[in-house]
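Enquirer: Please work out how this folds:
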Amino acid sequence: MVADKSESGNLSEETALAKLLDQYRDENTCMVDVTKLLLNFTQLESCGKCTPCREGTKRMLEILQKICDGMGEMQDIDNLELLCRVVKGSSLCPLGQAAPDPVATTLGCFRNEYEAHIKEHRCPAGVCTAVVESHRGG
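Expert: Below is the predicted model of the structure:
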C-alpha cells in the first residue's frame, strides 16, 4: 500500500483509514461488508438536514447491500465513486464530508474484493453467503 501524503506531510485520512483497515483484517474479513457496516453507522449518525449526506449515504448503502446480495453490477462501482465525490464535496458538516471515506478507501485499496463479488459471484472471505446463493439461484 502506498502512503499518500498531503501537502502538510501528513497521511491523508483515506490512507490512514486504509492502513487501519489493512492492519485489522484477516482472511475472514470481507472489506465490502466492513464498509457497509461503517457506512451504516455514519448514516445513522447523520442529522438528516443535508441532502447530499442523507440521500448519498442511503444510496451508497443500498448499492453495497446489492453487491453483498450478489446483485451487483460493474456500474455500481462507478456509481459509488461518483456518490463519494458528490457527498464529500457538497455535504455541509465534517461528518457528511467524511462519510464516503470508507467507501472510497476500500474501492481504492480492495477493489478486487468488490470485483470478486460482482464478476465471480463470490465473497473472498466467505462472509457474504447471499452473493454465492444468488448466483446459484437461491
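Enquirer: from here on, contacts and neighbour counts on C-alpha atoms
Expert: Noted.
Enquirer: Quick one: neighbours of Lys66, just the number.
Expert: Neighbour count of Lys66, defined by other Cα atoms under 10 Å: 17.
Enquirer: Ramachandran coordinates for it?
Expert: For Lys66, the backbone dihedrals (degrees, to the nearest 10) come out as phi -60, psi -40.
Enquirer: Spit out the contact partners of the closest residue to it other than its chain neighbours.
Expert: Counting by Cα to Cα, 6 or more residues apart in numbering, Gly72 is the residue found nearest to Lys66 once chain neighbours are left out, at 5.4 Å. Contact analysis of Gly72 by Cα atoms under 8 Å, 6 or more residues apart in numbering lists 63, 66, 117-118.
Enquirer: mind checking the SS state of Gly72?
Expert: On the three-state scheme (DSSP: H, G, I helix; E, B strand; the rest coil), Gly72 is labelled coil.
Enquirer: next one: phi and psi at it?
Expert: Backbone torsions of Gly72, given as degrees, to the nearest 10, read phi -70, psi 150.
Enquirer: Quickly note the distance from it to Gln43.
Expert: Between Gly72 and Gln43 the computed distance is 21 Å (Cα to Cα, to the nearest Å).
Enquirer: Tell me the one of the contacts of Gly72 nearest Lys88?
Expert: For those, the residue nearest Lys88 by Cα to Cα is Ile63; the value is 17.2 Å.
Enquirer: how many neighbours does the closest one have?
Expert: Applying other Cα under 10 Å, we find 20 residues neighbouring Ile63.
Enquirer: Now Leu92: which helix or strand?
Expert: Counting by DSSP states H and E, there is no helix or strand that carries Leu92.
Enquirer: check contacts around it.
Expert: Cys50.
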